[in-house]
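**Q** My questions concern the predicted model and sequence given below.
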Amino acid sequence: MTVSSLLFFLVFFFLVVFLNGQCLDDQKKLLLELKSSSSPLSLMSWNATHDCCEWAGVKCDDSGHVIVLDLFKDDICGRISDSSTLFNLTYLSQRLHHNGQIEDSPIANNSTLLFLDLSSIRIEGHVPNFFFQFRSMIILELSTNFFSAVFELDRIPSLANLSEIILSNNNLSVDTSTASPTSYGYPRIYTFQMSSCNLYDFPDLRNLSLSELDLSNNYIGGDIPSWIWEMELVSLNLSLNLLTDFQKPYHISYSINTIDLHSNRLRCELPLLSEAFEFGYAYLFLANSSLTGAIPTSICIRSRRLLDLSFNNLTGSIP
């Protein structure tokens with residue numbers, strides 16, 4: 001090996017081993033500010049003299065920008081006093097976990113946060129406004145917390161790249177009055193979950209190209225709107241509500257695989273619904289819905305994997 005080749009190899013080795021993924025000073029500063037403001041014992045290992053890309057719960061890209069911050073295992077309970085420190089890691093592009101209460105703070109306009117997963121970690125208070133300033137966000141998951149106060153659906157369209165929003169199992173009071181079909185003029189959201197969110201009305205989502213819609217365990221009454229069946233859903237869960245009928249006319253899409261309407265107040269004869277459900281929907285749940293009449297043979301098709309008609313007022317024989 002020539003001297004020039006050896007020098008090239010040594011320089012390349014140095015760049016790969018010692019510089020690749022080395023934490024940048026501004027990234028380290030933000031993380032140390034986070035540590036100082038929240039003071040969890042589990043972050044005591046974050047040492048300013050060490051490469052922050054090697055710290056527990058931190059991952060960096062090849063340039064030294066923090067892209068993953070997993071604080072879920074670090075048990076950060078209570079209030080983070082300066083949320084802007086946490087969310088101004090502008091290259092953060094994978095899942096971020098936090099356990100505590102988050103205050104509203106302005107964020108950097110160039111944040112590239114793609115996934116925000118704060119599910120099942122006991123966060124209280126209102127859903128911060130600055131969550132809806134992450135213009136690049138694809139997935140927003142805030143389920144199974146103690147978020148409260150009024151949540152206005154017209155905040156969602158500001159996230160033009162959003163494909164999944166999951167707000168289920170919170171103490172929210174959802175305001176659907178400000179939402180209109182024109183408010184949801186982008187076609188990107190495919191998963192919309194607001195189970196157990198104190199909903200009393202259907203949010204108008206007719207302009208979305210949804211694949212999965214879950215509005216179960218709320219207080220929604222009246223008819224199931226016909227526009228729901230026009231969205232080419234794959235999965236629909238409206239169970240545990242106060243629904244009484246189907247808005248007519250309705251034509252259920254062939255694309256749907258799972259329909260869950262159990263524990264409602266449909267109170268109609270099952271034969272009247274048989275035409276709607278005679279196609280190959282694999283999973284059909286109609287239990288505890290006050291259905292009456294005989295079970296039509298058209299509802300029992302070979303491609304169906306699960307059919308639940310229990311706890312109704314059906315008569316006659318089983319086909």
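**A** Thanks, I have the structure now. Numbers count the residues shown, from 1 in each chain.

**Q** Please make it C-alpha for all contacts and neighbour counts, starting now.
**A** Fine.

**Q** Near Asp26, how many other residues are there?
**A** Using other CA atoms under 10 Å, Asp26 is surrounded by 12 other residues.

**Q** looking at this, it is in a helix?
**A** Yes. Per DSSP: H, G, I helix; E, B strand; the rest coil, Asp26 lies within a helix segment.

**Q** how far away is it from His65?
**A** 9 Å (CA to CA, to the nearest Å).

**Q** And for Ile102?
**A** For Ile102, the distance to His65 - CA to CA - is 23 Å.

**Q** And for Pro319?
**A** Pro319 is 63 Å from His65, by CA to CA.

**Q** between these two, which one's more packed in?
**A** Between Pro319 and His65, His65 has the larger neighbour count (other CA under 10 Å), namely 23 against 10.

**Q** Hmm, the more buried one is touching Asp25, no?
**A** No. His65 lies out of contact with Asp25 (CA atoms under 8 Å); the separation is 9.6 Å.

**Q** the helices in the protein, which residues?
**A** 3-14, 25-38, 83-87, 270-274 (DSSP state H).

**Q** Where does the prediction get shaky in the stretch 151-300 of the chain?
**A** 178-187, 271-280 (pLDDT under 70).

**Q** Swap in 80 and give it another go.
**A** Applying pLDDT under 80 to the stretch 151-300 of the chain picks out residues 176-187, 207, 253-254, 267-282, 297-300.

**Q** what ranges do the strands span in it?
**A** 164-166, 173-175, 191-193, 212-214, 221-224, 235-237, 242-246, 258-260, 283-285, 292-294 (DSSP state E, counting those that start in this stretch).

**Q** will you turn those strands into TSV that also has distance to Ile139 and mean neighbour count?
**A** Below are the strands of the stretch 151-300 of the chain laid out as TSV (distance: least, CA to CA, whole Å; neighbours: other CA atoms under 10 Å):
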stretch	distance to Ile139	mean neighbour count
strand 164-166	5	20
strand 173-175	20	17
strand 191-193	9	20
strand 212-214	14	20
strand 221-224	27	17
strand 235-237	18	20
strand 242-246	29	18
strand 258-260	23	19
strand 283-285	26	19
strand 292-294	41	16
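
**Q** out of the ones you listed, which comes closest to Arg135?
**A** Closest to Arg135 of the strands of the stretch 151-300 of the chain is strand 164-166 (CA to CA; 13.8 Å).

**Q** by contact count, what packs against that closest one?
**A** If contacts are counted by 3 or more CA pairs under 8 Å, 6 or more residues apart in numbering; DSSP states H and E, strand 164-166 sits against strand 139-141, strand 191-193.

**Q** Make a markdown table from the ones you listed and add distance to Ile166 to it.
**A** A markdown table is the format used below for those (distance: least, CA to CA, whole Å):
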| stretch | distance to Ile166 |
| --- | --- |
| strand 139-141 | 5 |
| strand 191-193 | 5 |
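
**Q** what residues are up against Met137?
**A** By CA atoms under 8 Å, 6 or more residues apart in numbering, the residues touching Met137 are Thr112, Leu113, Leu114, Phe115, Leu116, Leu159, Asn161, Leu162.

**Q** Give me the pLDDT for Asn20.
**A** Reported pLDDT at Asn20 in the predicted model: 43.

**Q** separation between Leu69 and Ser158?
**A** For Leu69, the distance to Ser158 equals 24 Å [CA to CA].

**Q** Which one's more surrounded, those two?
**A** Leu69 (22 against 14).
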